[in-house]
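A.B. asks: what shape does this take:
(chains A and B)
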Amino acid sequence: MGQPPAQDGPAVQGRDKAGMTVPRFLALVAVATVALFALAIAVRPSFGARVAEAAGLRQVKVATPGSFYAARVAPVMEAHCTSCHGVNRDKGKLRLDSFAHLSHGGRGGPVVEAGNIPASELWTRVTLAPDDPKAMPPKGKQPLSRDELAVLRLWIEHGASPDLAAGAIRNAPPPPKVVRFDNVDPVRVAQDRAPLAKAVEVLQQRFPGVIAYAARGSADIHVNAALMGKRFGDAELAALAPLAGRIVEFDGSRTAITDASALRFMAMAQLRRVRLNDTAVGPETAKALASIRSIQSVAVTGTGIAADDFRPQAGRGVKLYASIP
Amino acid sequence: MVKPETEARAFRRHLLEAQTRRHFLGMGGAGLGAALCGLTAWLSGDAGAAQQATHADAGLDFSRDPARPMTPLPPQFAPRAKRVIYLHMTGAPSQLELFEHKPVLTKYDGKDCPESFLAGKRFAFITGVPKLMGTQHPFHQAGQSGTWISDRLPFLEKHIDDLCIIRSMHTDQFNHAPAQLLIQTGSARLGAASFGSWVTYGLGSENQNLPGFIVLLSGGKTPDGGKQLWNSGFLPSVYQGVQCRSHGEPVLYLDNPADADRNDRRRLLDAVQAINTETHKQLGSPETVTRIAQYELAFRMQMEATDAMDIGREPESIRALYGAKQGEASFANNCLVARRLAERGVRFIQLYHAGWDTHGNVKQGSLNEGFVDRCLEVDQPMAALIADLKARGMLEDTLVVWGGEFGRTPMRENRGGQESPFTGRDHHPGAFTMWMTGGGVKTGMSYGETDEMGYEIVKDPVGVRDLHATMLYLLGFDHHKLHYPYQGLNQKLTGVNPAHVVADLLA
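C.D. replies: Residues are numbered from 1 along each chain as shown, chains lettered A, B, ... in the order given. As a prediction, this is how the structure comes out:
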């Protein structure tokens, strides 16, 4: 610091120590670059395709949403292939995590030939004997199921297309059922619960364990008054009146509820399942429950209500439980 | 002179030592991620999104008032089942004498087992080349579904269309204790939390006057896996199963002594609780809080447990339906008690019935003698349980599960290379049958398939983890989200290996 910069030697003007001119040097660099590109493309054809796509010389192939590829083929790749041929690893320089990547092929060239099953390396590999060192998925991993193989085969036979509609291949095996877990939006849940939140809290204090939300993502209410037995009667049911509109399940078995509460049930306009086994309820309650449009299941075993009281509802698909076999 | 470390200090030191690099990185990562999300949301002026961003990766919150560890919490999604009754047949019943109809195996009865069956396989007792053995009990079709069933389960047969039969269960354990541990806790090694503990941890229990997880034994033998099968493992010990006696007093010493009344008991408890509370203030151990909560539960149970467990309060007709007799320690009594507990809001009711280990080396452990008795002991009660739950509308939200810990071989056991005195089969982890009914399960169906000898699964295998994931789904949980931090990892019932909810089993 503070010293003049050290002199490195005589300044070079357009010519370095080896005697090469700048234009010649640049030309050499350009030739080397082109050669390297050519080599890269020769070794790995997908590289050329990607360069062309990046430069806008070739259209990026994207599978259309709702296509057979997106709906049926991609999930097979996801289940069996992409952990080794995907974003984190690309063994054999092959990625199968999108149609574009699949179409680029791998180190050995394209893996799918449209309409040509025997020439499609992908098909060959997934159908080799499990002991074959070239078999995919490799030994020890779950092989493709019959249905999954059928999906791949049909897709290649029908042109290995990115936009053929999912329903276009009629003889495709039915898609496997997949369970999806919805995300809970806590803001929306809080909003849904807000109007009754205070009342729910107060009543939960008064009747511990009896009142619960149906789920973390729901403002619907389940009531299990059966826990309190005879300590829960018509007066206690009346106290739940502020919540009536959101109660979807109600278990009042073995409680002291009587026909005097019949109208309370009519206020539960969204009630789907009700149990009043071994209580003193009778025809009035039957009439009230029958009038609830949303009702799906009624259990009144050990009461004054008989199956006949619910004939019309049973015809509508309402499940009725009224006696021990 | 170095001052001796006080207990309180030692405890705090242990807590600090338990912090690991993973905790530090985990907290740092989460904090940074949340800050970034919050920042982007703030820049875009969306306060709601900011709140959500911090929430999305937070997992589910299972925190409760430590004094009320069983406080019910809603499940993640609207559940199909609210409670579970699990009927575990310890010893592993033979699927080939109950549900798996294999005429080809019967055709080859007595022939030498093909070499391909034995290559690379390990058996508990089979040595050399065993003989194939066809079913010992004839099969016929039953119900609307035309499902094949043997003649050993005439009562259950009437409910065949209520069942969801899984023929392609498999496990990786071929000895009883580890296989029982695997199916009950998700791990063949000691120390994991049992299914019932996970469920009571996740959902709490509606009835605060009864344990949320109750275990009932019959068959005269504790399961080989021992009490670890209902242990809470790494979860707080308040979630372990409470084994109730099937004979006499359900819980010992629940009654007050002759010269003490409930007020005396209360004053005694208050004094004990004061000391425990003081201890908790000094040491901060959650196990002290567990202890306080358990004393209080026992006090409340004085009122309710005796009533819940007393089948004498059922009408004679109901006892007859189950074949239950007062004062016996039987599977029938336990099934009836299970229904009473389910009605009273107990979350997880676990029954074990012992004696299914039919090797053929002794009379009681053979397919023609002991097995026949076992079937007689369980058939009527389990059919009655289904009928009774159904009549009360409770089968709609109660999940009933039946099964052993593994299956049995299509080969006759030849212990020590000799023909056994009775007919029996060896342990077989490769394929076995379980059934479920109730809460959200598709009924009148069979799932999965074994080969014509009943040896290997040829279609739709269901691993133990898949079964667990499916059961948790029915209870309203994504199995990835029901977890508990322990040893630097978010422990899960299904562990770290992939587990799939079997969608075809869902109604």
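
A.B. asks: only C-alpha atoms from now on, for both contacts and neighbour counts.
C.D. replies: OK.

A.B. asks: just checking, B:E413 touches B:R425?
C.D. replies: Yes - using C-alpha atoms under 8 Å as the test, B:E413 is close enough to B:R425 to be in contact (4.9 Å).

A.B. asks: which neighbours do these two share?
C.D. replies: B:359-360 (C-alpha atoms under 8 Å, 6 or more residues apart in numbering or on different chains).

A.B. asks: of those two, which one has the most company?
C.D. replies: Per other C-alpha atoms under 10 Å in any protein chain shown, whichever of B:E413 and B:R425 has more neighbours is B:E413, with 31 against 28.

A.B. asks: what about B:L269, distance to B:A293?
C.D. replies: In this view, B:L269 and B:A293 are 11 Å apart by C-alpha to C-alpha, to the nearest Å.

A.B. asks: okay, those two: which has more neighbours?
C.D. replies: Just comparing B:L269 and B:A293: by other C-alpha under 10 Å the higher neighbour count belongs to B:A293, 19 against 16.

A.B. asks: what's the closest non-adjacent residue to that one?
C.D. replies: B:A67 (5.8 Å; C-alpha to C-alpha, 6 or more residues apart in numbering or on different chains).

A.B. asks: and that neighbour, how many neighbours?
C.D. replies: 15.

A.B. asks: same question for A:C81.
C.D. replies: Considering only other C-alpha under 10 Å, A:C81 is surrounded by 18 other residues.

A.B. asks: contacting residues for B:D426?
C.D. replies: Shown in contact with B:D426 (C-alpha under 8 Å, 6+ apart): B:123-126, B:358-359, B:408-409, B:411-413.

A.B. asks: 10 Å - rerun?
C.D. replies: B:92, B:94, B:123-126, B:174, B:357-360, B:407-415 (C-alpha atoms under 10 Å, 6 or more residues apart in numbering or on different chains).

A.B. asks: what about those, which are in strands?
C.D. replies: If you go by DSSP state E, the contacts of B:D426 have B:407-412 in strands.

A.B. asks: ok, those vs chain A, which is closest?
C.D. replies: The closest of these to chain A turns out to be B:G407 (C-alpha to the nearest C-alpha; 22.3 Å).

A.B. asks: so the closest one sits against B:T433, correct?
C.D. replies: Yes - contact criterion C-alpha atoms under 10 Å: B:G407 and B:T433 qualify, at 7.2 Å.

A.B. asks: who touches both of the two?
C.D. replies: By C-alpha under 10 Å, 6+ apart, B:G407 and B:T433 have these common neighbours: B:92-96, B:169-170.

A.B. asks: these in helices, which ones?
C.D. replies: Using DSSP state H, the subset of these located in helices is empty.

A.B. asks: in which helix or strand does the residue nearest to B:A293 reside?
C.D. replies: Using DSSP states H and E, B:A67 maps to neither a helix nor a strand.

A.B. asks: please look at it and B:H280 and confirm they touch.
C.D. replies: No - using C-alpha under 10 Å, B:A67 is not in contact with B:H280, being 11.6 Å away.

A.B. asks: between those two, which contacts overlap?
C.D. replies: Joint contacts of B:A67 and B:H280 (C-alpha under 10 Å, 6+ apart) are B:286, B:289, B:292.

A.B. asks: now list the buried members of the residues you listed.
C.D. replies: Neighbour counting over the shared contacts of B:A67 and B:H280 (16 or more other C-alpha atoms under 10 Å in any protein chain shown) leaves B:289, B:292 as the buried ones.

A.B. asks: how about the nearest residue to B:L235, chain neighbours excluded?
C.D. replies: Excluding the flanking residues, the one nearest B:L235 by C-alpha to C-alpha, 6+ apart is B:A193, at 6.3 Å.

A.B. asks: Provide the secondary structure category for A:E53.
C.D. replies: helix (DSSP: H, G, I helix; E, B strand; the rest coil).

A.B. asks: residue boundaries of the helices in chain A?
C.D. replies: Along chain A, the stretches classed as helices by DSSP H are A:22-43, A:45-54, A:68, A:74-80, A:99-104, A:121-126, A:146-157, A:186-206, A:234-239, A:262-266, A:283-290, A:311-315.

A.B. asks: out of those helices, deepest packed?
C.D. replies: Using mean count of other C-alpha atoms under 10 Å in any protein chain shown, the stretch among the helices of chain A with the largest mean neighbour count is helix A:68, at a mean of 25.

A.B. asks: for the stretch 1-150 of chain A, which residue gets nearest to chain B?
C.D. replies: Taking C-alpha to the nearest C-alpha, the stretch 1-150 of chain A has A:S145 as its residue nearest chain B, at 9.0 Å.

A.B. asks: how about the contacts made by residue 92?
C.D. replies: Using chain A here. A:G92 neighbours (C-alpha under 10 Å, 6+ apart): A:44, A:84-85, A:105-108.

A.B. asks: um, chain B though
C.D. replies: Taking C-alpha under 10 Å, 6+ apart as the test, what B:A92 contacts is B:176, B:179-180, B:354-358, B:403-408, B:426-428, B:432-433.

A.B. asks: hmm, try it at 7 Å
C.D. replies: Contact analysis of B:A92 by C-alpha atoms under 7 Å, 6 or more residues apart in numbering or on different chains lists B:356-357, B:404-407.

A.B. asks: most neighbours among the residues you listed, which one is it?
C.D. replies: If you count neighbours using other C-alpha under 10 Å, the busiest of the contacts of B:A92 is B:E405, which has 32 neighbours.

A.B. asks: distance of that one from B:N231?
C.D. replies: Distance, B:E405 to B:N231, using C-alpha to C-alpha: 17 Å.

A.B. asks: which element, helix or strand, includes the closest residue to B:G134 other than its chain neighbours?
C.D. replies: In space, and not counting its chain neighbours, B:G134 is closest to B:T106: 3.8 Å by C-alpha to C-alpha, 6+ apart. Element membership for B:T106, per DSSP H and E: helix B:103-107.

A.B. asks: packing partners of that helix?
C.D. replies: Packing partners of helix B:103-107 (3 or more C-alpha pairs under 7 Å, 6 or more residues apart in numbering or on different chains; DSSP states H and E): none among the helices and strands.

A.B. asks: which positions in that helix come out as buried?
C.D. replies: Within helix B:103-107, judged by 16+ other C-alpha under 10 Å, the buried ones are B:105-106.

A.B. asks: picking that back up, closest one of the shared contacts of B:A67 and B:H280 to chain A?
C.D. replies: B:I292 (19.3 Å).
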